[in-house]
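# Build me a model:
(chains A and B)
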Amino acid sequence: NAGVTQTPKFQVLKTGQSMTLQCAQDMNHEYMSWYRQDPGMGLRLIHYSVGAGITDQGEVPNGYNVSRSTTEDFPLRLLSAAPSQTSVYFCASSYKAGGFGDTQYFGPGTRLTVL
Amino acid sequence: AQSVTQLDSQVPVFEEAPVELRCNYSSSVSVYLFWYVQYPNQGLQLLLKYLSGSTLVKGINGFEAEFNKSQTSFHLRKPSVHISDTAEYFCAVSALNAGNMLTFGGGTRLMVKP
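Below you'll find the model as predicted:
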């Protein structure tokens, strides 16, 4: 198992550009999510999905879109990048989506800088 | 809604000394509690979690944590740290039977010195 994979590892964008951060898992997990990590603030939830075709907003969804057409993939789209979106982005997945304390498995992260 | 406070942003400690990383939470509903570790330039991995039962939870790498409901705390401890324990540690909670969304604290950087 590769676990949770993310691409790219690093990205530099100019203000206003758009891009997609890729996330894939090969563990047949129902639940997938995106977090951003900023110094001193821990991780904050952007969007999540409880299964293919079902997504919902987290704590900080503005400026980001997601979709989940397959169980394996959960891309995060930045529509028009802003310097405030400079952050490290983590994708995570867990086996079940029912809120039973399942362990979440994290990818290695994407470090994004917006100039 | 839930919130998590990690009381120390940095904890320096000498190798082989004991350490405690403090975590307090606030929630109007019952929660599950987690500690995750992030080694430099890596993703997060689970150290331990409390779901129910015994309030003393043992995790990987010799860490343990104790759930104290009356004080709404979930402090992480290790009796003797190693250089390899240098990392950032995150406390997190999720509400029972209400989805998998994790609310994280701000993190504590553990710096183990020789």
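
# Please enumerate the strands of the chain.
If you meant another chain, say so; for now it's chain A. Under the criterion DSSP state E, strands of chain A are mapped to A:4-7, A:10-13, A:19-25, A:31-37, A:43-51, A:54-57, A:64-66, A:76-78, A:87-94, A:105-106, A:110-114.

# looking at chain B here, not the other one
B:2-6, B:10-14, B:19-21, B:23-27, B:31-38, B:44-50, B:56-58, B:64-68, B:73-78, B:87-95, B:103-104, B:108-113.

# now the ones you listed as CSV including mean neighbour count?
Any C-beta I mention is one placed from the backbone N, CA and C, and that applies to glycine too. CSV is the format used below for the strands of chain B (neighbours: other Cβ atoms under 10 Å in any protein chain shown):
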stretch, mean neighbour count
strand B:2-6, 18
strand B:10-14, 13
strand B:19-21, 19
strand B:23-27, 18
strand B:31-38, 23
strand B:44-50, 20
strand B:56-58, 14
strand B:64-68, 18
strand B:73-78, 21
strand B:87-95, 24
strand B:103-104, 22
strand B:108-113, 16
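
# Throw those into JSON lines and include mean pLDDT and distance to A:Gly40, thanks.
Shown next, in JSON lines, are these (pLDDT from 0 to 100; distance: least, Cβ to Cβ, whole Å):
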{"stretch": "strand B:2-6", "mean pLDDT": "94", "distance to A:Gly40": "10"}
{"stretch": "strand B:10-14", "mean pLDDT": "98", "distance to A:Gly40": "11"}
{"stretch": "strand B:19-21", "mean pLDDT": "98", "distance to A:Gly40": "16"}
{"stretch": "strand B:23-27", "mean pLDDT": "96", "distance to A:Gly40": "15"}
{"stretch": "strand B:31-38", "mean pLDDT": "96", "distance to A:Gly40": "14"}
{"stretch": "strand B:44-50", "mean pLDDT": "96", "distance to A:Gly40": "16"}
{"stretch": "strand B:56-58", "mean pLDDT": "96", "distance to A:Gly40": "26"}
{"stretch": "strand B:64-68", "mean pLDDT": "97", "distance to A:Gly40": "22"}
{"stretch": "strand B:73-78", "mean pLDDT": "98", "distance to A:Gly40": "19"}
{"stretch": "strand B:87-95", "mean pLDDT": "95", "distance to A:Gly40": "11"}
{"stretch": "strand B:103-104", "mean pLDDT": "94", "distance to A:Gly40": "11"}
{"stretch": "strand B:108-113", "mean pLDDT": "97", "distance to A:Gly40": "10"}
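
# Right, I'll leave it there.
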